[in-house]
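Enquirer: Structure, please.
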Amino acid sequence: MRHLVLFLCVLCLTSACSLFDGVAPLIIPEPTPADQPYVLLTADQSTVRVGDIVTVRAQSFRVGMPQYRYTLTPGAALLIPYASGTPSLSQPVGAAPFEFVVPEEGVTGDVVQLRAVSVGTARLSAFASGEIAAADGAYMWGGADSNALELTVTP
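Expert: Next up, the predicted model:
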């Protein structure tokens, strides 16, 4: 009998609680930037002398099978296809303090090198394009930009 009374009390309280407006609603969080694809660009050094080599790493997050396009301003752009094909270098625009050391065919493109050729400052950014997850869970072609690095060449 005691169990029946306890069951009925719990049932009544549970039913009554659902009638109150004070019941906490289910909260589904909005996607945050951390949920979105992005590229983190880092360099082993940001200030170098003429003739030095800077090694840059692009780490893409939530971009599957990425191909990278690096843009040096002022300078040129370098496109590296995903794991196959020949990297392509655009024509330099004006005098640039750096030039790309064009990698060999078949590299993944997440690491590139720049050679310092003249005194000055340049900005480097990257874009990774590849498979990204859509809101419905399917995958589609898309991409993400990186942060910009400021690189300086001293005499």
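
Enquirer: Name the residues of the longest strand seen in the chain that come out as buried.
Expert: Longest strand in the chain, counting residues (DSSP state E): strand 120-133. Using 16 or more other Cβ atoms under 10 Å as the burial criterion, the residues of strand 120-133 that qualify are Gly120, Ala122, Leu124, Ser125, Ala126, Phe127, Ala128, Ser129, Gly130, Ile132, Ala133. Glycine gets a C-beta too; all of them are placed from N, C-alpha and C.

Enquirer: Tell me which other helices or strands the helix or strand hosting Leu72 touches.
Expert: According to DSSP states H and E, Leu72 maps onto strand 64-73. When contacts are defined as 3 or more Cβ pairs under 8 Å, 6 or more residues apart in numbering; DSSP states H and E, strand 64-73 packs onto strand 53-61, strand 77-80, strand 98-101, strand 111-116, strand 120-133.

Enquirer: circling back to that earlier point, got the buried residues for the helix or strand that the longest strand of the chain is followed by?
Expert: As assigned by DSSP H and E, the chain's next helix or strand after strand 120-133 is strand 139-145. Neighbour-count burial for strand 139-145, with 16+ other Cβ under 10 Å as criterion, is recorded at Gly142, Gly143, Ala144.

Enquirer: ok, now stretch 74-94?
Expert: Residues of stretch 74-94 classed as buried: Gly75, Ala76, Ala77, Leu78, Leu79, Ile80, Pro81, Pro87, Pro92 (neighbour count, 16+ other Cβ under 10 Å).

Enquirer: and what of stretch 54-71?
Expert: When burial is assessed from 16+ other Cβ under 10 Å, stretch 54-71 yields the following buried residues: Val54, Val56, Ala58, Ser60, Arg62, Val63, Pro66, Gln67, Tyr68, Arg69, Tyr70, Thr71.

Enquirer: So which of those residues is the closest to Thr152?
Expert: Within those, distances to Thr152 taken as Cβ to Cβ reach their minimum at Val54, with 10.1 Å.
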